[in-house]
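1. Give the three-dimensional model of this entry:
(4 chains)
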2 protein chains.
Amino acid sequence: MATIGDVARAAGVSRSTVSYVLSGKRVISAETKERIEAAIELLGFTPNAGARALATSRTNVLGLYLQFQEDEFAPAMLQYILPVSTTSRAEGYDLLMVTDPDLAGAIRRTTSSHMVDGVVLLDVTYHDARLEPLRQAQQPAVLIGYAQDSAGFDSFDLDFGEAARMAVDHLAERGHREIVLLTPPDHVATRGGSYVWRFRDAAIERAARHGIRLSAHPGASRHPEIAESLDRALDALPGATALIVHNDATVAALPRLLDERGIRVPQDLSVVGVFSQGFGQAFSLPYTAVESLPDRLGELAVAQLVRRIADPSSAGAPVVRLIEPGFFDRGSTRAV
Amino acid sequence: MATIGDVARAAGVSRSTVSYVLSGKRVISAETKERIEAAIELLGFTPNAGARALATSRTNVLGLYLQFQEDEFAPAMLQYILPVSTTSRAEGYDLLMVTDPDLAGAIRRTTSSHMVDGVVLLDVTYHDARLEPLRQAQQPAVLIGYAQDSAGFDSFDLDFGEAARMAVDHLAERGHREIVLLTPPDHVATRGGSYVWRFRDAAIERAARHGIRLSAHPGASRHPEIAESLDRALDALPGATALIVHNDATVAALPRLLDERGIRVPQDLSVVGVFSQGFGQAFSLPYTAVESLPDRLGELAVAQLVRRIADPSSAGAPVVRLIEPGFFDRGSTRAV
DNA sequence: TACATTCATCGAACCGGTTCGAGGAAGAAG
DNA sequence: CTTCTTCCTCGAACCGGTTCGATGAATGTA
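-> Residues are numbered from 1 along each chain as shown, chains lettered A, B, ... in the order given. Take a look at the predicted model:
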């Protein structure tokens, strides 16, 4: 494999001159530049990433850290991974994907060895044990999710409060007076998935303001518990005319569950989900939904991270940004 | 951030001595070793990955290259990514995940700049345009999938021929004489997804040997085409008593589709799928299935790749390994 | 006591880039 | 014809590790 020294020799110049042609940081005469570029082409030279990282203290690699929880609906995670990967590449970075069960340790290891220029942390919880090691890493980082104390990091998340209000308002406008809400499983909340209560509490409050009866129940993420939790929820409020589902695994299984129970949508029950356009498409979900916009979150997060890397000092105070959900009416709600 | 020089100074030794303590490649006296380890602890020293890569020509990073096709069922891809990530880490490697639309270019870029020690190529097609750049990269590489010419690489894939025979035999034993087979969409075959025809052809041949009538039809990956293709397939062989589904998107939607059509399993129709245990669990699929074992494929592939990296010269000729599918009887087939 | 081994550590070179200060050549100004 | 600039390129130092040969001290042997 050719080195910068080989190129320099072939072109009859010094190594530094080749380097300046590569970086454009100094003016090199047109003829010399041409000779060097020809040599590069001829030898198929590509700069060695390690050497470059050593010299510049930059790797052009971002770290994406995530965990797959046994009890979570894995397919939903992919929606977040892809846009992060795509945006990183578009910004000129490669992506180190880390799924170590000991994420805090992995963060320490990869940042302190200077493997990455910045960190994207996925699925952040309210009290997230990974934030402390991350703070010590002294590296630009961005969180996707919502933590109580995200000091020092930019964070991006969906505005789940607003999402809940949109869902409730939509049903309120159509005259629904009794609504069942299916939330993520309890252990997700226990773990600190703040979107659980942010959505739930906002829904309850908004319903109260409308004078609507709303009954919230934890759903499940596996069969047969999914079906059981749906039954429990629906039984708890027999007069309910609408169902809000804020639970990936449940909403993915919902068409079949409702079919089995002979419940037609929207004649017997209006349904509003919370999921992305891509998720809805992959699972062919026929439900009106508040959109969770994972693509947009990923893009915003990476773009902001790259900005921080380019300009570590200034660029202003850390941002906590809750993005406005979308809304996709698929006609699964009716007026009552 | 502390360097090896800082550690050496703190411990009152030379840099090389610290390095030898780190690598264990030479004997260092117990007391010196202790002093050095204390200094490392004290300073929180971690070796710089770039410097190490430069000195050793090893990065301890593997590259995972994959593409997300618009027309594919994305959730299925995750099953392959995870075990690769997990196994890599277990073997001491981090994972660079590359999803660049121009994968061949990305392979060239990342390998020629020595960012990775080895390459895992996912979802390999029969005539795969990424193999040529990969060959030129002169790097240890492993393919997951099946290519016509995989010379120079180890490849691992499910034995889809055997999978088909297992499915057909299972139904034959139960007396089925007319079977419908739903395959992946045509464009997957066109792209070179050899598993399409390897499964289909083996199924047809095996059915013929049993004197069974088997009618194969391409399925789809999106609604409403999924439903239409199912209808077409079932209509084509009205006397069919069994259905083999070799199509992720279709099998994920199948419970609902069959419900809608009032088809009970297994009373009205026996069903055999082709999917992994994890996939079945995520989507709560109640079907007996030939198991596609993505975990095992990922593990085997990475383990073999790591072996090649450790011992690039010998270790024998490239392997093409088709692994034996599993079988999981969920009781969705009955005797006729 | 002299000499050969073994043990533990050191110093220097090297990996392949980047960057800074210096300096020669050519052209402009006096 | 000097002297001062400007333009372009070079050489050396540096980034932070690894590795090899050398060396001095301690131990064993004659």
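2. where exactly do the helices run in the stretch 201-336 of chain A?
-> Listed in chain order, the helices of the stretch 201-336 of chain A (DSSP state H, counting those that start in this stretch) span residues A:225-236, A:248-260, A:277-282, A:294-310.
3. er, the stretch 51-200 of chain A actually
-> So, for the stretch 51-200 of chain A - with DSSP H, counting those that start in this stretch - the helices run A:75-90, A:103-112, A:131-137, A:160-173, A:186-191, A:194-210.
4. Which strands and helices lie in contact with the shortest one?
-> Contacts of helix A:186-191 with other secondary structure elements, assessed using 3 or more Cβ pairs under 8 Å, 6 or more residues apart in numbering or on different chains; DSSP states H and E, are made with helix A:194-210. In short, each C-beta sits where N, CA and C put it, glycine included.
5. Can you point out the buried residues in the helix it packs on?
-> Buried residues in helix A:194-210, defined by neighbour count with 16 or more other Cβ atoms under 10 Å in any protein chain shown: A:194-200, A:202-204, A:206-207, A:210.
6. out of the residues you listed, who's nearest residue A:38?
-> Within those, distances to residue A:38 taken as Cβ to Cβ reach their minimum at residue A:195, with 56.2 Å.
7. Verify the contact between the closest one and residue A:146 for me.
-> Yes: taking contact to mean Cβ atoms under 8 Å, the distance of 7.1 Å between residue A:195 and residue A:146 places them in contact.
8. shared neighbours of those two, anything?
-> Common neighbours of residue A:195 and residue A:146, counting by Cβ atoms under 8 Å, 6 or more residues apart in numbering or on different chains, are residue A:157.
9. Just send the helices of the stretch 51-200 of chain A back as JSON lines, with mean pLDDT and distance to residue A:219 too.
-> Converted to JSON lines, the helices of the stretch 51-200 of chain A look like this (pLDDT from 0 to 100; distance: least, Cβ to Cβ, whole Å):
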{"stretch": "helix A:75-90", "mean pLDDT": "93", "distance to residue A:219": "13"}
{"stretch": "helix A:103-112", "mean pLDDT": "95", "distance to residue A:219": "26"}
{"stretch": "helix A:131-137", "mean pLDDT": "93", "distance to residue A:219": "28"}
{"stretch": "helix A:160-173", "mean pLDDT": "98", "distance to residue A:219": "15"}
{"stretch": "helix A:186-191", "mean pLDDT": "94", "distance to residue A:219": "9"}
{"stretch": "helix A:194-210", "mean pLDDT": "98", "distance to residue A:219": "10"}
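10. would you turn the ones you listed into TSV with distance to residue A:306?
-> Supplementary listing: the helices of the stretch 51-200 of chain A in TSV, determined by distance: least, Cβ to Cβ, whole Å:
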stretch	distance to residue A:306
helix A:75-90	8
helix A:103-112	17
helix A:131-137	17
helix A:160-173	26
helix A:186-191	29
helix A:194-210	26
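11. between those, which gets nearest to residue B:90?
-> Of these, nearest to residue B:90 by Cβ to Cβ is helix A:103-112, at 12.6 Å.
12. Next, the buried residues of the closest one.
-> Counting neighbours by 16+ other Cβ under 10 Å, helix A:103-112 gives A:103, A:104, A:106, A:107, A:108, A:109, A:110, A:111, A:112 as buried.
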